[in-house]
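Visitor: below: sequence and its predicted model.
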Amino acid sequence: MRKELATVLLGLALAGCSEPSEQVANAQTATSVEPDSEIETYQLLASELLKDIRIQSDAELVRSHADNLIKQGSKVLDAFNLAYPQCQPYFNAVQTIGGSLSGLSLDELEQGYHDGNKLPELPDPVCYHGKELMLHPARVLVIVKDGLGDDESYLEAELEMVEAMAHAEQVKQAIKRSEAAAEEQAIANDSTSN
C-alpha cells in the first residue's frame with residue numbers, strides 16, 4: 001500500500017497535475033459556484049467526494065457522491081468526444097458498462113478496464129484520461145462495498161480520488177488544447193477567405 005501511495009504521489013508530482021489552490025477553495029463552496037463546463041462540474045464533485053473521504057464521512061454519503069461522480073464522468077466523456085471523436089468507441093465501451101462497474105471486484109476493474117483488457121484498442125493516448133474519470137469513482141464504490149471500516153480503506157479511497165482529479169485536470173487541458181486548435185483553424189480559414 002505504501003509503495004502504491006509513493007508511486008501515485010510521485011506520478012502526480014512529475015505530471016504537475018495538482019489542482020490550483022483557487023479551484024480547491026471554490027470546491028469548498030461548490031453549491032455557490034456555477035461551473036461553465038462538464039469537466040469543471042466533475043472537478044467540483046470530485047473535490048466534494050475527496051473532502052467526504054478525508055473527513056471519513058458515512059459510507060452511504062461516500063457511495064452516493066461516487067455514484068454521482070460516475071454519472072458526471074459519463075457526461076464529461078460525451079463532451080470530450082466532441083473534441084476527440086477518435087475516442088468514441090473506447091468511451092462507449094466504458095459508458096455501456098458504467099452502471100455495473102461498481103459490481104466488479106477491484107482486480108476485475110484493474111485488469112479489465114484500467115489496464116484496458118476488456119476495452120477496444122486505445123485509439124489515442126488522450127482517451128485514457130477520459131475513461132479514468134469513471135473508473136476511479138467506481139473503485140471508490142467497490143471500496144465502500146467492501147467496507148470503510150478503517151483508516152486504510154479511507155486512505156485507499158482517497159488515493160483513488162486523487163488520481164481521478166489528476167486525470168480530470170488532464171482532460172480539462174486536452175479540451176482547452178482542442179478548443180484553441182479549433183479557434184486557430186477558424187482564424188486561419190477566415191484569413192484565407194478574405
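Guide: Now that the structure is in, tell me what you want to look at.

Visitor: burial of Asn189, as a residue count?
Guide: Around Asn189 there are 9 other residues, counting by other CB atoms under 10 Å. Glycine gets a C-beta too; all of them are placed from N, C-alpha and C.

Visitor: that one: which element?
Guide: helix 151-192 (DSSP states H and E).

Visitor: report all helices and strands that that helix contacts.
Guide: helix 2-15, helix 38-54, helix 59-83, helix 125-146 (3 or more CB pairs under 8 Å, 6 or more residues apart in numbering; DSSP states H and E).

Visitor: quick one: distance of that helix to the chain centre.
Guide: From the chain centre to the centre of helix 151-192 is a distance of 9 Å (CA atoms, centre = their mean, to the nearest Å).

Visitor: where does the prediction get shaky in this protein?
Guide: Counting by pLDDT under 70, the chain has low-confidence residues at 1-36, 193-194.

Visitor: give me the most central residue, the protein.
Guide: Taking CA atoms, centre = their mean, the centroid of the chain lies closest to Leu133, which sits 2.4 Å from it.

Visitor: let me see the contact set for the closest residue to it other than its chain neighbours.
Guide: Nearest residue to Leu133 in three dimensions, chain neighbours excluded: Gly73, at 3.9 Å (CB to CB, 6 or more residues apart in numbering). Gly73 makes contacts with 42, 98, 133-134, 137, as judged by CB atoms under 8 Å, 6 or more residues apart in numbering.
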